[in-house]
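Enquirer: Coordinates for the following, if possible.
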Amino acid sequence: MQASNQIRESISRVVALRQKVVDQPDLALALHTVKQVQARRFSGSYQDLLHSASYAACANFFLEELYGAKDFAERDAQFARIAGALERTFPQQVVATAVALAELHQLTEELDLAMALNWQLQPELPTAQAYVLAWRAVGHREDRHQQLNTVLEIGQELGQLTRKPGLYFMLKMMRKPAQLAGLGALQNFLESGFRHFADLAHNKGTVDSFLDTVRTRESAWLDRLFDAPAATCVTELAQNLSLTDADQR
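Expert: All right, here's what the predicted structure looks like:
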């Protein structure tokens, strides 16, 4: 399948999933809560990287663009519109990264909606407990690891792409045309990712070190969510959420 078709199919699936919650305010609230908890958990788990002089920019990029709770509808619409041009204009590695991002977004939305549907069944439980129980009810262990692996692959690709001469210059040259074409959100994502990973890549081994840290912590967290006593997971999640709340005050 052509890359442009893969992107469009994934975005089309995401749009269809969003439509399911349009007329269901309780489900929409549950979905928003799931995404917020996940973003807060990431923030709590990576306090050291988020406040590190070396890694803060990339950690924040991961939090905002890959683990974040913000609405990506505008970027998705732009992504689908530019899919064909992306395939014709950019090197294969850039196109592959774009496909991976679209497929990651689809998988994330599918899992988040499944979590939200379960969350509705236990609205009165404490947040951390409700999240852990919803996670275990949904399951999909292989999909969860695929989700993590795709995040890491995107990070690895961004790190490698920063070493391609002229690619970042090409992106900056596209800034004005992208804005005029209504593609500002997608352009911002691409530029932001390249810029942050380029800064990190200046120091040899730092991209790998950053991604290895994410791999180790996220893999361990996934395994605990599936295998450890539920009470242990609830306690750890509640602590991470508290760390995030304290950091924001």
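
Enquirer: Go through the chain and flag its longest helix.
Expert: When the chain is parsed with DSSP state H, its longest helix is helix 92-119.

Enquirer: Go through it and flag the buried ones.
Expert: By 16 or more other CB atoms under 10 Å, the buried positions in helix 92-119 come out as 94-119. For every residue, glycine as well, the C-beta is placed using N, CA and C.

Enquirer: tell me which strands and helices it is in contact with?
Expert: Under the contact criterion of 3 or more CB pairs under 8 Å, 6 or more residues apart in numbering; DSSP states H and E, helix 92-119 touches helix 3-22, helix 25-45, helix 73-89, helix 127-138, helix 141-161.

Enquirer: can you list the ones you listed in CSV and add distance to L190 and mean neighbour count?
Expert: Formatted as CSV, the helices and strands packed on helix 92-119 follow (distance: least, CB to CB, whole Å; neighbours: other CB atoms under 10 Å):
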stretch, distance to L190, mean neighbour count
helix 3-22, 14, 17
helix 25-45, 21, 19
helix 73-89, 10, 17
helix 127-138, 31, 19
helix 141-161, 9, 18
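
Enquirer: before we move on, the earlier item: I'd like the average pLDDT over the longest helix of the chain.
Expert: The predicted model gives helix 92-119 an average pLDDT of 88.

Enquirer: and it with helix 3-22, angle?
Expert: Relative orientation of helix 92-119 and helix 3-22, computed by axes from the mean of the first three to the mean of the last three CA atoms, to 10 degrees: 20 degrees.

Enquirer: Mean pLDDT lowest where, among the helices and strands packed on helix 92-119?
Expert: Minimum mean pLDDT among those: helix 73-89, a mean of 70.

Enquirer: I'd like to check the angle between the longest helix of the chain and helix 25-45, please.
Expert: Helix 92-119 and helix 25-45 are oriented at 120 degrees to each other (the same axes, to 10 degrees).

Enquirer: between helix 92-119 and helix 141-161, how big is the angle?
Expert: Using the same axes, to 10 degrees: helix 92-119 against helix 141-161 is 150 degrees.

Enquirer: do you know how far the nearest residue to V207 once chain neighbours are set aside is from A3?
Expert: Closest residue to V207 apart from its sequence neighbours, by CB to CB, 6 or more residues apart in numbering: G159 at 3.8 Å. G159 sits 21 Å away from A3, going by CB to CB, to the nearest Å.

Enquirer: cool, A201 as well?
Expert: 25 Å.
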